[in-house]
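Visitor: build me a model:
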Amino acid sequence: MTSRHSKAFLVFGLIGTAAIGLTACSAGSTPEATSSSSMEIGSVDLKAAGCPATISIQTDWNPEAEHGSLYEMLDPSAVTVDTDAKTVSGPLMAGGEYTGVDLEVRAGGPAIGFQSVPAQMYTDDTITLGYVYSDEAVQNSVAQPTVGVFAPLDKTPTMIMWDPATYPDVDTIEDLGKTDAFVRYFGGSAYMEYLIGSGLLKQEQTDGGYDGTPANFVAAGGKDAQQGYASAEPYIYENEVSAWMKPVKYQLINDAGWEIYPVVVSARTEDMEDLKPCLAALVPVMQQADVDYYSDPSTANGLILDLVEQYDTGWVYSQGVADYSVETQKELGLVGNGSDEVVGNFDMDRLQKFVDLATPIYEGIGSAPTEGLTADDIATNEFIDDSIGFTK
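Guide: Here you go, the predicted structure:
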């Protein structure tokens, strides 16, 4: 499974972004911009809570709006960018106040050779936390076990999309399965095993050779369907893919029954005991950053766009996509309080239902999870502050 939950390059055209004065550096340098020794610690003291001097978080892809709450904890005027390592670091902020430690955000995908986040976490022990999808947590529970402590998104944006002009009567993935459309996806994606095994799609109509570009979709003239992110591709195809420039229709795989938590902030299972004091103080900061980002994403999105340009991995990300992503995440309930009034927590019954659903699928493809695996093995609400959530 590649990073960003099996999403590869999408290069649609050039974008322009306004530089916001970030400091670029080579690996190993320590510019004055990141010095926090003279900063006064505010009401949240992560240093006193026992957090590492630098909390390093490995993401699953290039900077994007789905990661917005993470970049919300950085002040763009006080960060250092390592364009070689594809990292950004600076004082970790909570409500505009310094917390006593620094935050390093590491890009994933091409920056780590498209390796999965759990694999990267178990390769590099300087990573404190990483973005792990809950299906990855199940699949890797034997060799690379992780525990999720905060879920910034409540549903995965992963979807199957199709041309509504070619298939006017198709409203769901199940409807699509009754047509002769080929459905392209990244090979190795367990959700496709679920869609096929549950009868929603036919084996013979699926193609695991999707390369992340629009070429085959466009060439098929609307006859083929493919996977994507509901918070990106519908806008991109209608507004930025010059050979298409019209709407697509889609259904979330969540709404077809694959109800995972994406980009879950997770720790190596073996590190949980030592990290507990830190996580008790840090997770509420992350919860509030999630609320703050979706209330006003402009500053964090400015940082995201500039990082994409500086990292220069081939990934193209425009202001239009970022704006669309934020609004679509809210509209579709990808971000929100879930079934209660709290942001970032796990519905453990929902997660256990998923573990029960996914376990035989992974056994069938030779990636059997830990015997007797439960939701409590891969996620915890121990550090969640129940008073923090989105207002209605």
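Visitor: what mean pLDDT does stretch 140-157 get?
Guide: Taken as a whole, stretch 140-157 has a mean pLDDT of 98.
Visitor: nearest residue to the residue most central in space within the chain other than its sequence neighbours?
Guide: Closest to where the C-alpha atoms of the chain average out (CA atoms, centre = their mean) is Val263, at 3.8 Å. Once flanking residues are discounted, Val263 sits nearest to Tyr131: 4.3 Å by CB to CB, 6 or more residues apart in numbering. Where you see a C-beta, it was placed from the backbone N, CA and C, and this is true even at glycine.
Visitor: what's that neighbour sitting at in phi/psi?
Guide: Note on Tyr131: its backbone torsions stand at phi -80, psi 110 [degrees, to the nearest 10].
Visitor: does it touch Val265 like I think?
Guide: Yes. In this structure, Tyr131 is within contact of Val265 by CB atoms under 8 Å, at 6.7 Å.
Visitor: overlap in contacts, these two.
Guide: Ile57 (CB atoms under 8 Å, 6 or more residues apart in numbering).
Visitor: between the two, which one's more packed in?
Guide: Neighbour tally, Tyr131 and Val265, criterion other CB atoms under 10 Å: the higher count belongs to Tyr131, 28 against 24.
Visitor: ok, that one - contacts?
Guide: Counting by CB under 8 Å, 6+ apart, Tyr131 makes contact with Ile57, Gln58, Thr59, Asp60, His67, Gly108, Val117, Val263, Val264, Val265, Ser266.
Visitor: quick one: buried residues of whichever helix or strand Glu104 is part of?
Guide: Element membership for Glu104, per DSSP states H and E: strand 97-106. Under the neighbour-count criterion of 16 or more other CB atoms under 10 Å, strand 97-106 has Tyr98, Thr99, Gly100, Val101, Asp102, Leu103, Glu104, Val105, Arg106 buried.
Visitor: same question, stretch 132-151
Guide: Burial within stretch 132-151, assessed by neighbour count using 16+ other CB under 10 Å, is assigned to 132-141, 144-151.
Visitor: ditto for stretch 253-271
Guide: For stretch 253-271, by 16+ other CB under 10 Å, it's 253-254, 256-268, 271.
Visitor: so which of those residues are in strands?
Guide: Using DSSP state E, the members of those that fall in strands are Val264, Val265, Ser266, Ala267, Arg268.
Visitor: which one of those residues is nearest to Leu74?
Guide: Closest approach between these and Leu74, by CB to CB: Val265, at 15.3 Å.
Visitor: quick one: the residue nearest to the closest one when sequence neighbours are not counted and Val291, what's the gap?
Guide: Nearest residue to Val265 in three dimensions, chain neighbours excluded: Phe150, at 4.2 Å (CB to CB, 6+ apart). Distance, Phe150 to Val291, by CB to CB, to the nearest Å: 12 Å.
Visitor: also Thr123?
Guide: Using CB to CB, Thr123 is found at 33 Å from Val291.
Visitor: neighbour count winner among these two?
Guide: More crowded of Thr123 and Val291, by other CB under 10 Å: Val291, with 18 against 11.
Visitor: output the helix or strand hosting the more buried one as PDB, nothing but the C-alphas.
Guide: Secondary structure assignment for Val291, by DSSP H and E: helix 272-295. Output of helix 272-295 as PDB, limited to C-alpha atoms (Å, rounded to 0.1, in the frame of the first residue of the first chain):
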ATOM      1  CA  MET A 272       2.400   4.600  24.200                       C
ATOM      2  CA  GLU A 273       3.300   4.300  27.900                       C
ATOM      3  CA  ASP A 274       6.200   6.800  27.700                       C
ATOM      4  CA  LEU A 275       4.100   9.200  25.600                       C
ATOM      5  CA  LYS A 276       1.100   9.300  27.800                       C
ATOM      6  CA  PRO A 277       1.900  12.400  29.800                       C
ATOM      7  CA  CYS A 278       2.700  14.300  26.600                       C
ATOM      8  CA  LEU A 279      -0.400  13.100  24.800                       C
ATOM      9  CA  ALA A 280      -2.700  14.100  27.600                       C
ATOM     10  CA  ALA A 281      -1.500  17.700  27.000                       C
ATOM     11  CA  LEU A 282      -1.000  17.600  23.300                       C
ATOM     12  CA  VAL A 283      -4.200  15.900  22.000                       C
ATOM     13  CA  PRO A 284      -6.500  18.700  23.200                       C
ATOM     14  CA  VAL A 285      -4.200  21.200  21.500                       C
ATOM     15  CA  MET A 286      -4.700  19.200  18.300                       C
ATOM     16  CA  GLN A 287      -8.400  19.100  18.800                       C
ATOM     17  CA  GLN A 288      -8.600  22.900  19.200                       C
ATOM     18  CA  ALA A 289      -6.400  23.400  16.100                       C
ATOM     19  CA  ASP A 290      -8.800  21.300  14.100                       C
ATOM     20  CA  VAL A 291     -11.700  23.600  15.200                       C
ATOM     21  CA  ASP A 292      -9.600  26.700  14.500                       C
ATOM     22  CA  TYR A 293      -8.500  25.600  11.100                       C
ATOM     23  CA  TYR A 294     -11.900  24.900   9.700                       C
ATOM     24  CA  SER A 295     -13.200  28.200  11.200                       C
END
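Visitor: pLDDT on that helix, on average?
Guide: pLDDT averaged over helix 272-295 gives 98.
Visitor: not counting residues beside it along the chain, what's closest to Asn62?
Guide: Nearest one to Asn62, counting by CB to CB, 6+ apart, is Trp315 at 4.3 Å.
Visitor: the one you found: how many residues sit nearby?
Guide: 21.
Visitor: do the same with Ser38
Guide: With other CB under 10 Å as criterion, Ser38 counts 6.
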